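>>> Next input, structure requested:
(one chain, ligands or ions: 1)
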Amino acid sequence: MKVLATVAEALAQSRAKLPRVVVPTMGALHKAHLELIRVARNYAGRDGEVAVSIFVNPLQFEPGSDYERYPRPDRQDEELCRNADVNLLFRPSPAEMYADDRSVFVEETSLSNTLEGKSRPGHFRGVCTVVAKLFNILAPDAAVFGEKDFQQLVIIRRMVRDLNFKIDIVGVPTVRENDGLACSSRNQYLNVEERKQATALRRALLAAADRTKAGEESAKTIVDLARKTIGQASLARIDYVDLVDAKNLLPIEVVRPNSLLALAVFFGQTRLIDNILVG
Ligand code: PAF
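Okay, here's the model as predicted:
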């Protein structure tokens, strides 16, 4: 496995092995990342190349969030990539990625207005900017993203379409712990009690999905049910629970095919997100 720390080194890499499939990450790798890497290898084949980027992107953390304390287990991440048969690990520093006088950003202006974008202003501008840069630096044929960050996936597909990146975007279903909690690098912030109660998120999503399967069409009823289920966890503080159209991410009042129930909930200082397709 080649480990590259500079943009110049990455740009100088020949793309002898094709296709090249990239898995953009912020590190603190866990089993969901390993699933993304597995899907990337599957796409690349034995003769192709799997590249993982690890970069905790300051641009996508809003002021006062967890940028400083975001976990950075560098050695362990490198070891995991090696064991997962990754060909290339790109791990730049913030100074390497961003000039002090940077003044060009990539901004999606429609899909970013709801859900995470509403709660975290500037977040998707940061995500789009760094992903566009990673695409230019690593020149992949395909890139793999998890569906836990459903809105991110939809926005990146839009960016690729609107800016004509010749890159296939592959979505991977959310990987969960045995009790249903979606895998996330932030789960490690949870204390024992918070971790126990965090299972309410998946329960809420499943209860809501069951209700829609049983014929309920009112978005308000579905959202209320999810909120009530989460409310049973005494430590949960809901940021949002919203039902939106999975294509344009706009709120809907009546459940229809391809609707997305998405939520963000705090346990203590830790903010968790999850979602499910319903309808
Ligand atoms: O999903 C993530 O881990 C990040 O948002 C990404 C795509 C690596 C961009 O920093």
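>>> can you tell if the longest helix seen in the chain touches the ligand?
Ranked by residue count under DSSP state H, the longest helix found in the chain is helix 123-138. Yes: residues of helix 123-138 are located near the ligand by CB under 6 Å from any ligand atom, namely 127, 130, 131. (Each C-beta comes from the backbone N, C-alpha and C, glycine too.)
>>> Tell me, how many residues neighbour the second one?
When you say that, I think you mean residue 130. Neighbours of residue 130 under the rule other CB atoms under 10 Å: 22.
>>> One more: the last one?
Using other CB under 10 Å, the number of residues around residue 131 comes to 27.
>>> pLDDT weak spots in the stretch 151-279 of the chain?
Within the stretch 151-279 of the chain, no stretch has pLDDT under 70.
>>> Spell out which residues of it are next to the ligand.
Counting by CB under 6 Å from any ligand atom, the stretch 151-279 of the chain comes close to the ligand at residue 152.
>>> Backbone torsions only: list them for the closest residue to residue 93 other than its chain neighbours.
Spatial nearest neighbour of residue 93, chain neighbours left out: residue 5 (7.0 Å); criterion: CB to CB, 6 or more residues apart in numbering. Backbone torsions for residue 5, taken as degrees, to the nearest 10, come to phi -110, psi -10.
>>> Tell me the predicted confidence for residue 5.
Listed pLDDT for residue 5 reads 98.
>>> go on, the one 3 residues further on?
pLDDT for residue 8: 98.
>>> thinking again about what came up before, name all residues that make contact with the residue nearest to residue 93.
Contacts for residue 5 (CB atoms under 8 Å, 6 or more residues apart in numbering) come out as 91, 92, 93, 96.
>>> circling back: contact partners of the longest helix of the chain?
Contacting residues not belonging to helix 123-138 are listed as 7, 10-11, 20, 22, 24, 51, 53, 55, 57-62, 88, 90, 97, 105-108, 111-112, 116-117, 143, 151-152, 155-156, 159, 163, 165, 167 [CB under 8 Å, 6+ apart].
>>> Stretch 32-50 too?
Contact with stretch 32-50 is made by 15, 17-23, 25, 52, 80-81, 84-88, 142, 144-146, 148, 168, 170, 172, 174-175, 182-184, as judged by CB under 8 Å, 6+ apart.
>>> Quick one: mean pLDDT for that stretch?
Looking at stretch 32-50 alone, the average pLDDT works out to 98.
>>> Give the buried residues for it.
Using 16 or more other CB atoms under 10 Å as the test for burial, stretch 32-50 gives 32-41, 43-44, 48-50.
>>> Show me which residues of the stretch 1-150 of the chain sit near the ligand.
For the stretch 1-150 of the chain, the contact set with the ligand under CB under 6 Å from any ligand atom comprises 24, 25, 26, 57, 60, 127, 130, 131, 149.
>>> Out of the residues you listed, which end up buried?
Neighbour counting by 16+ other CB under 10 Å classes 24, 25, 26, 57, 60, 127, 130, 131, 149 among those as buried.
>>> Distance check, residue 223 against residue 253.
10 Å (CB to CB, to the nearest Å).
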